[in-house]
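Chemist: Let me see the structure of the following:
(chains A, B, C and D, ligands or ions: 6)
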Amino acid sequence: MTDLEEGSKVEAVDRVIIRFAGDSGDGMQLTGDRFTTASAVHGNDLATFPDYPAEIRAPAGSLAGVSAFQVQISDHDIMTPGDAPEVMVAMNPAALKSDLHLLIPGGTLIVNQDTFEERNLTKAGYDYNPLEEGEDLEGYRTISVPMTSLTKEACKDLGVKPRDAERSKNFFALGLVSWMYSRPTEPTFEWIDERFAGKEQIISANKAAFSAGHVYGESAELGDQRVVVKAAPLASGTYTNINGNTALSWGLIAASQLSDLPLFLGSYPITPASDILHELAKHKAFGVTTFQAEDEIAAVGAALGASYGGHLGITTTSGPGIALKSETMGLAISLELPLVVINIQRGGPSTGLPTKTEAADLLMAMYGRHGESPLPIVAAQTPSECFFAAIEACRIALTHRTPVMLLSDGYLANGSEPWLLPDVDGLEPINVEYATEFNHIREDGEADYWPYLRDEKLVRSMAIPGTPDLMHRIGGIEKEDGSGNISYDPANHSRMVEIRAERIKRIDVPDVEVVGDPDAEVLIVGWGSTWGSITSALGRVRSSGHKVAHVHLTHLNPFPKNLGDVLKGRNHILVPEMNTGQLSLMLRAEYLVDAKPISKVAGQPFTAGELEQTILNYVEEKSTT
Amino acid sequence: MTDLEEGSKVEAVDRVIIRFAGDSGDGMQLTGDRFTTASAVHGNDLATFPDYPAEIRAPAGSLAGVSAFQVQISDHDIMTPGDAPEVMVAMNPAALKSDLHLLIPGGTLIVNQDTFEERNLTKAGYDYNPLEEGEDLEGYRTISVPMTSLTKEACKDLGVKPRDAERSKNFFALGLVSWMYSRPTEPTFEWIDERFAGKEQIISANKAAFSAGHVYGESAELGDQRVVVKAAPLASGTYTNINGNTALSWGLIAASQLSDLPLFLGSYPITPASDILHELAKHKAFGVTTFQAEDEIAAVGAALGASYGGHLGITTTSGPGIALKSETMGLAISLELPLVVINIQRGGPSTGLPTKTEAADLLMAMYGRHGESPLPIVAAQTPSECFFAAIEACRIALTHRTPVMLLSDGYLANGSEPWLLPDVDGLEPINVEYATEFNHIREDGEADYWPYLRDEKLVRSMAIPGTPDLMHRIGGIEKEDGSGNISYDPANHSRMVEIRAERIKRIDVPDVEVVGDPDAEVLIVGWGSTWGSITSALGRVRSSGHKVAHVHLTHLNPFPKNLGDVLKGRNHILVPEMNTGQLSLMLRAEYLVDAKPISKVAGQPFTAGELEQTILNYVEEKSTT
Amino acid sequence: MTDVMDSEAVPETSRADWQSDQEVRWCPGCGDYSILTALQLLLPDLGVRREKTVFISGIGCAARFPYYMNTYGMHSIHGRAPAIATGLALARPDLDIWVVGGDGDMLSIGGNHLIHALRRNTNMNILLFNNQIYGLTKGQFSPTSETGKVTKSSPVGLISEPFNPISVALGAEASFVARSHDMDRKHLQEIFTRAHAHPGASFVEVYQNCNVFNDGAFAEITKKDARDDMLINLIHGEPIQFGSERQFGIVQTANGVEIANVSEVGIESLLVHDETRSDPSTAFALSRLAKGPDEPTPVGVFRAAVREEYASAMSDQVMGVTEERGKGELKDLLHSLPTWEV
Amino acid sequence: MTDVMDSEAVPETSRADWQSDQEVRWCPGCGDYSILTALQLLLPDLGVRREKTVFISGIGCAARFPYYMNTYGMHSIHGRAPAIATGLALARPDLDIWVVGGDGDMLSIGGNHLIHALRRNTNMNILLFNNQIYGLTKGQFSPTSETGKVTKSSPVGLISEPFNPISVALGAEASFVARSHDMDRKHLQEIFTRAHAHPGASFVEVYQNCNVFNDGAFAEITKKDARDDMLINLIHGEPIQFGSERQFGIVQTANGVEIANVSEVGIESLLVHDETRSDPSTAFALSRLAKGPDEPTPVGVFRAAVREEYASAMSDQVMGVTEERGKGELKDLLHSLPTWEV
Ligand SMILES: Cc1ncc(C[n+]2csc(CCOP(=O)(O)OP(=O)(O)O)c2C)c(N)n1
Ligand SMILES: Cc1ncc(C[n+]2csc(CCOP(=O)(O)OP(=O)(O)O)c2C)c(N)n1
Ligand code: SF4
Ligand code: SF4
Ligand SMILES: [Mg+2]
Ligand SMILES: [Mg+2]
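Modeler: Ligands and ions are numbered 1, 2, ... in the order given. Next up, the predicted model:
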């Protein structure tokens, strides 16, 4: 915090949105991440949005290869990485070309001027140099910095080869932006030491580049650009900056500890879910087994096998993988075994937009299996809430012996926010009881074990292999309720279909809470990752004098018990969704209310601004007609 | 028809329902089938319902091994195989035990008395002989016939081994029932000659058994049992008795001829769809290629590959197979290629009740894929209508370049009815045009081929491999509209999602017709195989003085354009479905009408009687409250 | 999973203890019966507990097997049994897992799971009942059906060549590979005993007669009076010989292996069977001897080589990391990224 | 599909004619570039038409291949390319079909389709780019990754043993099996030419360097100065020999095949390579020579045997029946069951 005091001309702003854009090889994700952590440690509230291409590394300098990282930092509670950036770093012409339109009018543009030479310009589709000609940059405050050469210069006495030195240019950018926002230097230096441990040359080059960027800010008389975003008045406690996939992974480990069952993950890599596999693979010390299967069918099969053996069986994937897992989910429904199926949704259909976000798998989660095969659905709402959503999904699966679908999406998965770490001792244990004794008397008077005897929640008895005496067989053919024996009896089938529906309905789900203006005519119903944008947008709509109510669903099946009452009689129900209206469809069918979707299916999350505008338009139109 | 005249005490009835029940090894399906054909040729209207177990041949004499065949024959137009049989043949104690409850009070029961000995009785779970003790048979007219011994007796001079002779006992039963219903003998003899050609002993044994049964009727003074069901006044023309799977297979061949494209079937065996594979495999002379793949994924993949190559690509399966095919359907949606996916629905979830009927895959058809991935859905309504439904599905797939889901079910698949053969020259051709020329001018002025240029129905251009000059690449990643090049552009994705939805909406679908009392307060909406039961039930409801309207949907997506108007303002919409309310859900969501399901999920079709009762109850309750 | 009972002696059982109360529902005369009987008679001698024994199957006639065993069991979905068994085996190395399925279940739809299970070498005994037909769906060809076969789905004769399940398994790195048939209870039991004893994935192909849809497919080699001449019994450590007079033997050639007259080539030039070779090449060559079950066909253990077992290696890794780093603490995990206080 | 143009001469083309207008989007330095170049340079010499050429792929870095070829092409879904290609090949025997995919695409999720396509022997050229890693999903192990490998999904080291793709293919009855690598354009082109000429399914494993996630996996055997000693070139009809002085050779033993010093064993005792053997055993033995790409490794054609091609056999059947019975008439079909008049 020392940096802060020395400056005098430092202006304080309440929040700022910064976007780092460059080539896939330029390390923009790392730069953004690092800046985020420094801001987090500084005490800002923040939210991030990594936005990168599907190719591993598209041709250097091409438009397809642009990789960006956007972060909003603020001195107050925020929910999104912000709509349009106010500051943009463009490391090459392609980044400028592809992202400049996002920058707000009057925004600050920092470009690496060294890269604006013919080859790169051509690759980006410029037949002139926008830094010198044309009107592209009109209306922006452009700061052209020869980052590459300054970085090389800074490294020249370190014995680093110029080509290697050049690689540190992202640290130059980071140093410059860190100076602009008065971010402390030491945490970044410590982090460099740790991250590149053993690679002395890289360490010294990165530090030199960072310092050069910092110094550039000071010396190049950019003083008027320097601002400070004060720490946000967050609740006191210990914070960490976390993205959704990490929070979700930790939630799974927590559920394993809370239920005292070993965690088994059966998975097959797929963007944007793979990081959960990577994260869990690191945590064997928690008794976690991760199994990378030959495909998604084997992955869910293995998870089901592990569940059957008394482990907490989990499988993670994205849309295409869910399609492949659906037959086995049907089996799990028939077997009434616990299983957590995690879908990190991405743009579809088919391969679609693998690195972009979307939330169009809700109806597949509800209805994507043959026969009557209901299962509970839980959806995460912010990156850090993925932790609790994971625990909730596991709780339902284990205590109700059912497969559960947990929905997250690419935006939550990779986006991050500060998280006030919960007190782990305060987390509620998950009680799982396996049968160890006979539970039924046969006609001949002998004691016996019946796997489909149920409790009042219609949860069946479950004895795991290894339990003496309780040997029994289960299978996917229709079975007699109680005994579990194969049954083709029509009445039994009818009853089993009813039971499978009813046992999902009997799951306890917290009531929804109506926030904002509960009695407002207009009700916004959200689910999943739209929570942040909706909340921000509604804040603005309400501060412009309109009344709106808001409910957010974390449980999509069964619906909260009070939802019907909340919706009843409302003529103006709007449902912002990253699909063409899937929750709306469910609400309409269930409650016969005229829920109207606000759809966005563009591979990008809603911005608060566009939601604000849509809702304002609606509210105003409604009152004029 | 000679048999008919000789009898004098023959009473005429308007219809009769007969059920043949016996062990899986007893040949009940054959017997039923044969009786059906004889009745069809006699000119009756009829409908059949084979009801057999999942095991190939469960232990002889066990309850699990009971196989039954029900047929209704009538002198007027009928739509179902009837509710409760009036005559039942029970070839062994197990058949009696499992099916007796179906027989109407006062019904006629014909049992093979020879099988009622201790071992068989025990296997069926009797500790007494119901033919001699107990009250099981009270209220029925029981005719105990020693069929086995009479059959052996009849064959004794033929040189047939007694064990082989015994196998002909089903022909004894057939002979007896044929006599009772005055069916001609010759067609059956001819059929025996043909079917068992080359096996002289079997031919003679079967004929001897048949005749013995016939004679038994005459001589055992069963004269008062003899009735006749006159020919139905059907439209004039040539008829054949056909089941749904055969009609469907022929419809596919017809579509291939009408479109002048070779038919390619990629399939993997599964009950109750396998017979389509078997049937098509026989018809290579129509240029049909049938490919039994390693699994369902390969089956649909191969069909898609064939479609891409300019064939009519089809894949057939049942629920579990649809689950496996869903990822490839998503690809077909993204590629915008024709593909017909046929789902012969069966009891679910999971393996469920493979040989029983159900219609619970509608929502999976609508929503069972990740991302926004709409496709058209066609449903067959009677066995013979499967022919036209198949043509319609192919027509939509080929002319709109989209995967189409065609829904049938186990009941339609195996059930049969007389079919007035259509004039094949009157069938409308399916015009498929593949691109052969450039369709676009590049910026540099060169002509070019763009695979995603569309016509007014939004159907894209399609050039098949082998077409000179039009080489291009397609794939499952989001593509730029027009060029088809990979595109991660948000606005393009948004537009493509809209186009994919809109192009399905633009498919022409015939309006629904309201039958019955169009202005009735109560409207019944049906789809699929429930048509027969609903129509019969409504006939009875209406003749008991109530007004009801009826619409039947053959197109589930898009809905007929006039459906909204038909439903609008109706307070009493009932939807009989063999699921827990899937069409109801779609109607509620789409039209915000309070459609109420009448559900039956018991592995059995609706009987007209139970539907009549439910609807009557509803109508009466409605008017009292 | 420590279990008090593990330290206690395994109780004595009889065949009846291994029979479930479910009625067996195969067609009368089906070869599946004899395999079931062989195993139910054998299990009392294997020194295993019923509650520690699990049968996992897919779908098909063969796959009904678990219902008839008084053990834990799961009748899952078509083709997926090896995948489900893998998860169970990884979670529960204390269990004895048997996977049972038909040629369609395991080699058609389930082919991929099978080869990966064999490659990984997870502890389970995989029994493939090969009847060269789809039984449960009433008679379509399977990937082991012979070229030219007329079935419901190949009315003009099957075009493709079949898989040789032993070759497939060996190509997939299987460590234990054997073949037996449903007409010889003793041989079945020997092979099952060996499969059970093998650490890792054991693959056993059992020729099984489907008397309804493919009757007599193996009769030429399995009927009593043909066996001497048509079955080549592979015996570890012995020269490979067969024939009523043991007059035939197997010799190696540049093409693989071949049948020779012992009197012509001399007993010393016969190939000596060695199950334990780390190189599967010779076992593979033996698998190619017969093109189908109408030529002299090797039965017995083709390969029984030592490879690391996957489930125990996996749990060793978990335990190793736990020992090295100490048992994970949730609180520490939550604090493992940079944190700050407010 | 008769096509007027078929009778016309195939037009001359150059490399540029085979390049699509799409920007190639692999990482700079990726081995995929050299394979693409090799093929684009070769195709003008194969006497084929661009419009009759189709590339089908699944998903992965390798699977981006079709986009770069100015032919017909489909970038399908993960693992399914062989299945889709099978349908296309059956429908259109007139086309030249290439299937391209990575080790994950073809051997992990797509393993079953691969082995069945090979078994059936449908005409297509299957190119498996084996980089022993998942490239597109950023560095998880694949079924060809070596035991012990540390990757994102195996941070403590991979437990399982890899598939040997050549062994898998031979175990699955493949009729054409070969291996090449991305560092030798000429060799690649030879092998592609052979694969293309082979009637039936040709399987080519190409060792391909992923310089981002598994750099140098094959360097020990493919770098220029190591090749003489580390690559064993299989040449039909010749004794198998390698080494800068051709000082090493391959001999057959009871275990399979082995490397020997030519000076010790004599050139006459070396195994003479015969691609055409109908028994795949010796080809299989050769596939076992190297456990991984750090030992002397055979490259070239392991097997090129004649087997019936599936697609043409299938269309022969269709034509045969049509000839026998006459072209089907819809009207007759509708009257083929018993009919009656009303
Ligand atoms: C996903 C799926 N596809 C298809 C089926 C239908 N089916 C059931 S068993 C079977 C094959 C039976 O053959 P096999 O595995 O050889 O066993 P067998 O009956 O011969 O013992 C098939 C195709 C199914 N149940 N599930
Ligand atoms: C059904 C499905 N599962 C998973 C994925 C994610 N995925 C894409 S490519 C790939 C594997 C890539 O490895 P490989 O096939 O070896 O190709 P490479 O990138 O190494 O060339 C995976 C797992 C997917 N696209 N679809
Ligand atoms: S169909 Fe064949 S395999 Fe199945 S039970 Fe009957 S005889 Fe056995
Ligand atoms: S990730 Fe590896 S395989 Fe993929 S393009 Fe980059 S270097 Fe090539
Ligand atoms: Mg079989
Ligand atoms: Mg790879």
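
Chemist: What ranges does chain C have for its helices?
Modeler: Along chain C, counting by DSSP state H, helices occupy C:4-7, C:32-42, C:81-91, C:103, C:111-120, C:165-171, C:185-197, C:219-222, C:227-230, C:262-265, C:281-287, C:310-325, C:330-334.

Chemist: of all those, which gets the most neighbours per residue?
Modeler: Ranked by mean neighbour count, the helices of chain C are led by helix C:81-91 with a mean of 32 (mean count of other Cβ atoms under 10 Å in any protein chain shown). (C-beta placed from N, C-alpha, C; glycine too.)

Chemist: ok, and does that one reach over to chain A?
Modeler: Yes - contact of helix C:81-91 with chain A (Cβ under 8 Å from any Cβ of the partner chain) involves C:83-91.

Chemist: in chain A, what residue sits furthest out from the centroid?
Modeler: Residue farthest from the centre of chain A, counting by Cα atoms, centre = their mean, is residue A:444 at 56.6 Å.

Chemist: and residue 324, what pLDDT?
Modeler: I went with chain A, as the question did not name one. The model reports residue A:324 with a pLDDT of 98.

Chemist: Hmm, no, I was thinking of chain C.
Modeler: According to the prediction, residue C:324 has pLDDT 95.

Chemist: Please give me every residue in contact with it.
Modeler: Contact analysis of residue C:324 by Cβ atoms under 8 Å, 6 or more residues apart in numbering or on different chains lists residue A:285.

Chemist: same thing but at 10 Å, please
Modeler: The contact partners of residue C:324, taken as Cβ atoms under 10 Å, 6 or more residues apart in numbering or on different chains, are A:284-285, D:156.

Chemist: and it, how far is that from residue C:316?
Modeler: Residue C:324 sits 12 Å away from residue C:316, going by Cβ to Cβ, to the nearest Å.

Chemist: and the residue nearest to residue A:473 when sequence neighbours are not counted, what are its bridge partners?
Modeler: Among residues not flanking residue A:473 along the chain, residue C:73 sits closest, at 3.9 Å (Cβ to Cβ, 6 or more residues apart in numbering or on different chains). Judged by DSSP bridges, the bridge partners of residue C:73 are residue A:473, residue C:55.

Chemist: Residues of the stretch 201-350 of chain A that sit close to chain D?
Modeler: A:267-271, A:273-275, A:277-284, A:290-298, A:320-321, A:323-324, A:350 (Cβ under 10 Å from any Cβ of the partner chain).

Chemist: In strands only, show me these.
Modeler: Among these, the ones falling in strands (DSSP state E) are A:267, A:290-292.

Chemist: quick one, what contacts whichever residue of the stretch 201-350 of chain A sits closest to ligand 5?
Modeler: Among the residues of the stretch 201-350 of chain A, residue A:327 lies nearest to ligand 5; the distance is 20.3 Å by Cβ to the ion. Shown in contact with residue A:327 (Cβ under 10 Å, 6+ apart): A:297, A:300-301, A:369-370, A:476, B:296, B:319-324, B:326, B:349-351, C:77-80.

Chemist: could you redo the last one with a cut-off of 6 Å?
Modeler: For residue A:327, the contacting residues are B:320, B:323-324, C:77, by Cβ atoms under 6 Å, 6 or more residues apart in numbering or on different chains.

Chemist: Residue A:458 now?
Modeler: Residue A:458 makes contact with A:499, A:502-503 under the criterion Cβ under 6 Å, 6+ apart.

Chemist: next one: residue A:74
Modeler: Contacts of residue A:74 by Cβ under 6 Å, 6+ apart are A:15, A:44-45.

Chemist: Next step: those residues restricted to strands.
Modeler: Secondary structure from DSSP E places A:15, A:45 of these in strands.

Chemist: So residue A:525 lies in a strand, does it not?
Modeler: Yes - assessed with DSSP: H, G, I helix; E, B strand; the rest coil, residue A:525 lies in a strand.

Chemist: can you pull the pLDDT of whatever residue of chain A ends up closest to ligand 1?
Modeler: Residue nearest to ligand 1 within chain A: residue A:327 (6.3 Å; Cβ to the nearest ligand atom). Looking at residue A:327, its pLDDT reads 98.

Chemist: are any of the contacts of residue A:458 buried, and which?
Modeler: Neighbour-count burial (16 or more other Cβ atoms under 10 Å in any protein chain shown) is assigned, among the contacts of residue A:458, to A:499, A:503.

Chemist: Okay, and which of the contacts of residue A:458 map to helices?
Modeler: Those of the contacts of residue A:458 lying in helices (DSSP H): A:499, A:502-503.

Chemist: can I get these in JSON lines with distance to residue A:10?
Modeler: Below are the ones in helices among the contacts of residue A:458 laid out as JSON lines (distance: Cβ to Cβ, whole Å):
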{"residue": "A:499", "distance to residue A:10": "66"}
{"residue": "A:502", "distance to residue A:10": "63"}
{"residue": "A:503", "distance to residue A:10": "61"}
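
Chemist: okay if I get those residues as JSON lines plus distance to ligand 4 and pLDDT?
Modeler: As requested, those are exported to JSON lines (distance: Cβ to the nearest ligand atom, whole Å; pLDDT from 0 to 100):
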{"residue": "A:499", "distance to ligand 4": "49", "pLDDT": "98"}
{"residue": "A:502", "distance to ligand 4": "50", "pLDDT": "98"}
{"residue": "A:503", "distance to ligand 4": "46", "pLDDT": "98"}
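
Chemist: Quick one: the strands in the stretch 151-300 of chain A, in order.
Modeler: Remark: strands assigned in the stretch 151-300 of chain A by DSSP state E, counting those that start in this stretch are A:227-229, A:238-243, A:263-267, A:289-292.

Chemist: which residues sit in contact with residue 276?
Modeler: With no chain named, the answer covers chain A. Neighbouring residues of residue A:276 by Cβ under 6 Å, 6+ apart: A:245, A:249, A:316.

Chemist: I was after chain C.
Modeler: Listed by Cβ under 6 Å, 6+ apart, the contact set of residue C:276 reads residue C:305.

Chemist: cool, residue C:222 as well?
Modeler: Counting by Cβ under 6 Å, 6+ apart, residue C:222 touches C:181, C:183.

Chemist: And residue A:121, by the same measure?
Modeler: Residue A:121 is in contact with residue A:93, counting by Cβ under 6 Å, 6+ apart.

Chemist: how about the residues of the stretch 151-300 of chain A near chain C?
Modeler: Contacts of the stretch 151-300 of chain A with chain C, taken as Cβ under 6 Å from any Cβ of the partner chain, map to A:234, A:236, A:238-240, A:250, A:254, A:257, A:264, A:266, A:284-286, A:289, A:291, A:294, A:298.

Chemist: Could you turn the buried ones of those residues into a PyMOL selection?
Modeler: Listed next is the PyMOL selection for buried residues among these, using 16+ other Cβ under 10 Å:
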select buried, chain A and resi 234+239+240+250+254+257+264+266+284+285+286+289+291+294+298
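
Chemist: and the gap between residue A:33 and ligand 4?
Modeler: Here the distance between residue A:33 and ligand 4 works out to 21 Å (Cβ to the nearest ligand atom, to the nearest Å).

Chemist: what about the nearest residue to that residue once chain neighbours are set aside, how many residues close to it?
Modeler: Leaving aside its sequence neighbours, residue A:33 sits nearest to residue A:69 (Cβ to Cβ, 6+ apart; 7.2 Å). Neighbour count of residue A:69, defined by other Cβ atoms under 10 Å in any protein chain shown: 27.

Chemist: try residue A:549
Modeler: Residue A:549 has 21 neighbours, counted by other Cβ under 10 Å.

Chemist: what's the average pLDDT for the host helix or strand of it?
Modeler: Element membership for residue A:549 (DSSP states H and E) is strand A:548-553. Taken as a whole, strand A:548-553 has an average pLDDT of 97.

Chemist: Just the CA atoms of it, as CSV, please.
Modeler: Provided in CSV are the C-alpha atoms of strand A:548-553 (Å, rounded to 0.1, in the frame of the first residue of the first chain):
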residue,chain,number,x,y,z
VAL,A,548,-39.3,-4.3,-10.1
ALA,A,549,-39.3,-7.5,-8.1
HIS,A,550,-36.7,-10.2,-8.6
VAL,A,551,-36.5,-13.9,-7.7
HIS,A,552,-33.6,-16.2,-8.6
LEU,A,553,-33.9,-19.9,-8.9
